Structure formats: structure tokens, C-alpha cells
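> what's the 3D shape of this:
(2 chains)
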Amino acid sequence: MAAAAKRNESGEQPIPRRQFLGWISGVGIVGSAIAGVFSSLVFLKPRATYGQPNRFSIGRPEEFPPGARMAIDAKRVCIVREGNKVAAISTTCTHLGCIVAPSETGFQCPCHGSQFDVDGNVTGGPAPKALSWYQVSLTPSGELEVDKDNEIQTGTYLSV
Amino acid sequence: MSKETSTKWKALVDLPSNVWRSIFRNPLPSSDRGRAATSFTNFFLHIQPVRVSRQALRPSYTMGLGLISFFLFAILTVTGVLLMFYYVPSTGQAYDRMLDLRSSVAFGIILRNMHRWAAHAMVATVFLHMCRVFLTGSYKPPREFNWVLGVALFLLTLLSSFTGYLLPWDQLAFWAITVGTSIAGYAPFIGKELKFILLGDANVGQEALLRFYVLHVVVLPAVLTIFVAVHFWRIRKDGGLAKPEPEPAKLTPAVEVTVTEAVPALVPVAAAAAAAPARKFTIQGLVRGPLIKVGKLEEDTVFSWPNLLIAELVVLLVTIAGVMAVSLFFNAPLEQPVNVMHPPNPAKAPWYFLGLQEQVSYSAFWGGIGIPGIELLLLLLVPYIDRGKQGVGRWFARERILANSVFLLFVFVNIVLIAIGTFFRGANWQFVSPF
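Residues are numbered from 1 along each chain as shown, chains lettered A, B, ... in the order given. All right, here's what the predicted structure looks like:
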């Protein structure tokens, strides 16, 4: 306030009122437009989804005999058991989201020909990274539970 | 008493012609003044210029591709609205509704066929229209921005087609959209969010179907319509279709004004025309910009009524006839209902995206985002990069041999990629020979 008054005294032009109001209006209109677009995007991004839960039970450990590699396509995971170690590997191709199928050498994608080894590491095709491994835990009721929100290091097993 | 009766009787007798004249201000024109008046007193005709250059009417110059694209869009709108009366965007019902269109809805098959084939055709004609505009150098000033709008329209056409692809909810639809939206997921920074907002969920499902439906039937057509309107408006404001620069004419007086007398404001134009057929007007107004062409005006242009209208009508009829004929003989494909667990092998996108899918099989980012992004940027910037003024309005002008060659090279590469993706790729996207 004091500075503004001083400048007036020194003879410099203050910002004209009309220009100031025009500037403020412009900021207000553009700001509202940006806020409108942004809030529309927030609106469009669902907070809750209606699809499958990302955390689900897959049954008791006995259902997966040692050496088993069982792909559960509906859940898009492959349950692997070696001895008494269990892991869940994603069967969603890291390339473009197709479902990979277990093969003798690991996994094979039908869409663009990506190939993975038994641990899900890329051995061929356009896939940019290895298949995810998901956290597997044992619930108090003795069932295996896969948490797809929780990706873990390749080669991390749960002992059962 | 009798005079009153006769007035009423006359009003009754004149009723049809009075109604007709209240709707159409002009009788069918018989003079040049009338032809001009007809063009600018009718809402639908005033979109067009009163006079149009002969070059713009020559089929070998434009091949009518822009107009065909527009008419295909009109066909798509009409058939699409009709299909909406029976379609339900629900994963439980959508596929059954496709079967109902085949079995129990009157004219259901032909409407669905027309919608599908017109959509494929529109992608092709919009692209060919773009090729025509490029190869005739028609994007040069002052038409740079209309070219940019055209590129946007091409993208909107692709997006409309892509969103419509999901709606039958068959295997083809589901896996094409799974692959397509995964490509969007590779966009830098915003990719993951973009994919999630587009699908409304982590995977393609009910939310995605509803979102694609809304985009397909409301958002994209509305945006497309606005862009088409601006595109058409700009054609006129940029001086009509591109034509070669006329030979530098001998310096003549700029504008010959022989306006002798102003028409009283309240007299209808047609009546004035009839009253004073000999009166000659040479300018109707002064507009800044590239609109006013003086000099060889008379020889190079003809009246839009009826020359342009007849040409447009012929293109419309040929377009409708073509779509109808194809729809009578070929049914729109419908595969098995969605099975989330079994992707078809190979899972292929619609043909116009197979070039993209082929690129994607080498590298998801470069094939799906990087190279298409660069190509799009180049397309948008073409009129601002190529500033040469030569060779406008002629096919394959010698002066434009470099620009045309580069463009045709891009077109050729993309067509080869599409051909490879369509015919030479089998299970697991392995190379197979179709022969």
C-alpha cells in the first residue's frame, strides 16, 4: 500500500483500473475453465470399480500338488508350486494385455508373440518387461490368498 | 357481403401457394439473379457459394472424396440413431441385441451392415481425401489451418470407428479394444491414468462398454459435427477449393461497379429481380481476405444452382447406392460372444489399425506411441514446413515432386504394414504366407 502510494507520488503510472479488472476477469475465466476441465477428469476417474476384486482366495495349498503350474484365466494368474513353495505369476502379457498361456518353455502370448520363461522373464517377442509376481499369503482359515495390488520380486515364494 | 366472401374464397384458394411461398422465398430460378437469390435465401443452400469454379466441379480433380466422406457420416448418423433404438450397452445384453438385429428386427441386418460398411468406407475416403489434398498441394496458404482441421477430423473418424468396434461385444471387439487401450497405456506420464479413465476399470468390462458407448454415440459425433462445420466454413472463407494461380492478368480496373439503384429493403429479392431483370449488380459486399476474385471471374465460374447441386446430388446417390449394394451382399462380421479367458489367436485389430499393430509387435512404445506421434506431428505441421508457393491446385505438380514423394513414401510404408498385418500374420503373430 505504502509502496503503491509512493510510486504514485513519484509520478509513475499506476495500472489503470480498467486494465486491472480486465486482467482479473481473464484470470478468473481461464481459471474456471481449467478447474472445470480438471474436475471433469476427476469425475471421470472412478473411485470405486465394479470389476473383480484384486485380492482373492484361490483355495487350500493341497489343491496345488508340488510341481503344479495352474493358470487361473478368470483371475489372470498362474499358481506355481515347487516343493512346498508357492507363488502367483501374472498371466497378463506386459506387452498389450492379452492372456498368456503356459507352454513347455514358460509362457506364450497369442497376440503379438511374446515369450516368457518359467519365471516370467522375457525370452522373445515385443514384451518390454517380465510378468509380475504377486504377493501370496496364507489366511487364518488356511487358504491361499493372492493380492494383485502387491507386486513382489521375481522368485519370491511363500513356504507352506 | 359478396366482396367479403370472394376475398375469403381467394385466401382459401391461395392457401397452398401462400404456404409454399412462405417457406421458399424464391420461385425456381430462371435468371442469374434468381439463381444467386436461391443460393443465399435458403438456409441449406447458403452454406454454398453462389458461384463455384469449374475446377472444383471437375470429378477428376477432387474425385468427390470430401463430399463422399460427409455423406458417409450422414449415413452413419442416420443408421446409428436407428440402431440405438434396439441397442443396450450392457455386457449381458449387447451381443444378444446383435443377434436380435439379425433375426427379429425388421431391416436390422441391412441397417447394421450399412453402419459397419459405411464406417469402414469413411475411414478410407477421409484418408484418400487427405491424399488428394496433399497431392494437389491444396494445404498451402491460406488453407493451412483447414488442413490441420482435416487431420483432426481424420483422427476423430478413427476414434469413432474404434469406439464403435467394442459395442457388439464379441471376441473381435473385446480383444481389439484390449490391445488398443493397452497401446494408450504406453503414452508417457499420462498413459496409465488415461487407460484407467478410458476403461473406467483395470480391464475391459462393463464400465468400458458404457464409456465407449457414450463416446461413440454422443461425444465424438458432436465434436465431429462441429469440426465438419468449421471445415466447410473455412473452405469458403479461404476462397473455395484450391486452384492454380491464374495467369497474371493485364492490369484492368480493379472492380467494375455498376450498381445504379438500391433495391427498396422490404421488396422480396425475387420480386425485385422480376421487376427489374435488366439491373446489373457486380458486387454484393466487400469482404477482406481472399474471397474476392476479379478478372476472369465469368469464364472460370458457374452458378452453384444448378451445377454444384446436381454434382452433389449425384455423389450422394452414388454413395448411398454403393453402401446399400455392399450391405445387401456382405454381412457385417459377428464373432463368438466375449470370452475373457480365450483370446483368439491371433487377436487382430480392425484393418486400419493393423499397420499400427504390426509396428506394435516390434516395440509397444515406438510402434504404438512414438512413430504414430511423430507421423501425426509431421502431418499437422506440413503446411507450416512446406512454404513453397508452387504447384497449387494441380495433381502431381512437377514443382512439388519432393513433397509428394515423401508423402507417398509414408503412405506406401503404412499400406505395406497394413497388408503384412492383414495377410501375413498368423497364430502368435508368426509370419505366415497367405498363398
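
> spell out which residues of the stretch 51-200 of chain B are next to chain A.
Residues of the stretch 51-200 of chain B found near chain A (CB under 8 Å from any CB of the partner chain) are B:175, B:178, B:179, B:181, B:182, B:183, B:185, B:193, B:196, B:197, B:200. To be clear about C-beta, it is placed using only N, CA and C from the backbone, and glycine gets the same treatment.

> where neighbours are concerned, which of the residues you listed has the most?
residue B:175 (29 neighbours; other CB atoms under 10 Å in any protein chain shown).

> residues in contact with that residue?
A:98, A:111, B:343, B:344, B:347 (CB atoms under 8 Å, 6 or more residues apart in numbering or on different chains).

> cutoff 6 Å now
B:343, B:347 (CB atoms under 6 Å, 6 or more residues apart in numbering or on different chains).

> from residue B:103, how far off is the residue of the stretch 151-300 of chain B found nearest chain A?
Per CB to the nearest CB, residue B:182 is where the stretch 151-300 of chain B lies closest to chain A, at 3.8 Å. Residue B:182 sits 34 Å away from residue B:103, going by CB to CB, to the nearest Å.

> cool, residue B:433 as well?
From residue B:433 to residue B:103 the distance is 38 Å (CB to CB).

> and the top helix by length along chain A, how far from the chain's centre?
Identified as the longest helix of chain A according to DSSP state H is helix A:17-44. Centroid separation between helix A:17-44 and its chain, computed with CA atoms, centre = their mean, to the nearest Å, is 32 Å.

> partner strands of the top strand by length along chain A, with direction?
Ranked by residue count and defined by DSSP state E, the top strand of chain A is strand A:144-152. With DSSP bridges as the test, strand A:144-152 is paired with strand A:55-59 (antiparallel), strand A:133-138 (antiparallel).

> with mean pLDDT and mean neighbour count added, can I get those strands in JSON lines?
Formatted as JSON lines, those follow (pLDDT from 0 to 100; neighbours: other CB atoms under 10 Å in any protein chain shown):
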{"stretch": "strand A:55-59", "mean pLDDT": "86", "mean neighbour count": "14"}
{"stretch": "strand A:133-138", "mean pLDDT": "90", "mean neighbour count": "18"}
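
> possible to save the ones you listed as a markdown table with distance to residue B:366?
Shown next, in a markdown table, are the strands paired with strand A:144-152 (distance: least, CB to CB, whole Å):
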| stretch | distance to residue B:366 |
| --- | --- |
| strand A:55-59 | 35 |
| strand A:133-138 | 27 |
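
> picking that back up, pretty sure the residue of the stretch 151-300 of chain B closest to chain A sits against residue A:96.
Yes. With contact defined as CB atoms under 6 Å, residue B:182 and residue A:96 form a contacting pair (3.8 Å).

> okay, residue A:30 and residue B:226: tell me how far apart.
For residue A:30 relative to residue B:226 (CB to CB), the value is 21 Å.

> picking up where we left off before, report the secondary structure state of the residue of the stretch 151-300 of chain B closest to chain A.
Assigned by DSSP: H, G, I helix; E, B strand; the rest coil, the conformation of residue B:182 is helix.

> show the contacting residues for it.
A:96, A:97.

> so what's it scoring on pLDDT?
Note for residue B:182: predicted pLDDT of 81.

> now the end-to-end length of stretch B:186-197.
14 Å (CA to CA, to the nearest Å).

> sorry, slip of the keys, the one I care about is stretch B:76-90.
22 Å.

> quick one: distance of that stretch to the chain centre.
20 Å.
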